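Asks: no FASTA, just this:
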Ligand SMILES: [Zn+2]
């Protein structure tokens, strides 16, 4: 199945957060531009990924050794987070028998870990190489569909107890539609988990300052916050922007955190980098 180009005529002056035609170029990087909306201060990249309409293996490139090794390394980066994320979910409800939808399941390691706990897990993943890797490594069958279309099918609506967006909302083409899809899939009373980089991170603010002071010559970490690669980062939220958005879409935020580091003494909590946004949300029971 050949991916189709997404909205080739998408006008990036239209803010992906509030919908106003109020976004203008703010930071020009080597291969891309970050737009800022003057209405809501949202920052987003002028880049969208092709969308695969449904699962299929016919025209996929086979997984080569280099890609396999790359994904093994990426898996090791995420491994330390697995027990922390698992604990966050377990604090909300018993795992055994729960139905999970892992959006942007990547290499499948969270799904695999949850399956070992008796969770019935399904995963959506647009990258064919990651789907192949998850199949080879764990025998998982991830689906290529996006949650926007998955969530419109009646058998998936109100069907899941848990939906996870681990390191995903910054990657998707349209975050509002992704969150709406997640809400459709959740049962009333079900939980949504989000983990994403924060625009309040010191490294982001330093990069903005360096850009301004150098007249755009020094971009510091902006090129790693926004990635000009397929399925790379396209938007970085401020914590309050993400909280407001999930509430607008119909969730209740039951916990907000700025990272996964375990809380220490007052000095540690003062020095602790606020570089992530971690949200636990609930779809209110009917
Ligand atoms: Zn806006």
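Replies: Looks like it arrived, so ask away. These figures come from a predicted structure and were not determined experimentally.
Asks: so residue 109 sits against residue 82, correct?
Replies: Yes - counting by Cβ atoms under 8 Å, residue 109 does reach residue 82; the two are 6.5 Å apart. Where you see a C-beta, it was placed from the backbone N, CA and C, and this is true even at glycine.
Asks: the bottom helix or strand of this protein by mean pLDDT?
Replies: One helix or strand of the chain scores below all others by mean pLDDT, DSSP states H and E: helix 266-271, with a mean of 61.
Asks: and the next element down the chain from that one?
Replies: Proceeding N to C from helix 266-271, the next assigned helix or strand is strand 276-282, under DSSP states H and E.
Asks: tell me the confidence at residue 219?
Replies: We have a pLDDT of 95 for residue 219.
Asks: who are the contact partners of it?
Replies: The contact partners of residue 219, by Cβ atoms under 8 Å, 6 or more residues apart in numbering, come to 27, 29, 30, 207, 210, 211.
Asks: count the neighbours of the third one for me.
Replies: Yep, that's residue 30 we're talking about. When neighbours are defined as other Cβ atoms under 10 Å, residue 30 has 7 of them.
Asks: which pair of the contacts of residue 219 spans the longest distance?
Replies: 30 and 210 (14.9 Å; Cβ to Cβ).
Asks: ok, now how distant is residue 42 from the ion?
Replies: To the ion, residue 42 is 5 Å away according to Cβ to the ion, to the nearest Å.
Asks: close enough to count as contact, that residue and residue 17?
Replies: Yes - the pair residue 42 / residue 17 is scored as a contact, 3.7 Å apart, by Cβ under 8 Å.
Asks: give the residues shared as contacts by these two.
Replies: 235, 241.
Asks: and residue 135, which of the three is it?
Replies: helix (DSSP: H, G, I helix; E, B strand; the rest coil).
Asks: contacts only, for it.
Replies: Applying Cβ under 8 Å, 6+ apart, we find residue 135 in contact with 141, 142.
Asks: which pLDDT value does the model give it?
Replies: 96.
Asks: any idea how far it is from residue 128?
Replies: From residue 135 over to residue 128 the distance is 10 Å, taken as Cβ to Cβ, to the nearest Å.
Asks: mind naming the longest helix for this structure?
Replies: helix 65-78 (DSSP state H).
Asks: which helices and strands sit right next to it?
Replies: Applying 3 or more Cβ pairs under 8 Å, 6 or more residues apart in numbering; DSSP states H and E, one finds that helix 65-78 contacts helix 109-116, helix 128-138.
Asks: tell me if I'm right that residue 101 and residue 164 touch.
Replies: Yes - judged on Cβ under 8 Å, residue 101 makes contact with residue 164 at a distance of 7.5 Å.
Asks: ok, which residues in the stretch 1-150 of the chain are in contact with the ion?
Replies: Within the stretch 1-150 of the chain, the positions near the ion by Cβ under 5 Å from the ion are 15, 17, 18, 37, 39, 40, 42.
Asks: inside helices: which ones of those residues?
Replies: Using DSSP H, none of these sit in helices.
Asks: so which of these sit within strands?
Replies: When DSSP state E defines the strands, the subset of these inside them is residue 37.
Asks: are any of the residues of the stretch 1-150 of the chain next to the ion buried, and which?
Replies: Among those, those classed as buried by 16 or more other Cβ atoms under 10 Å are 15, 17, 18, 37, 40, 42.
Asks: having no further points to raise, I will conclude here.
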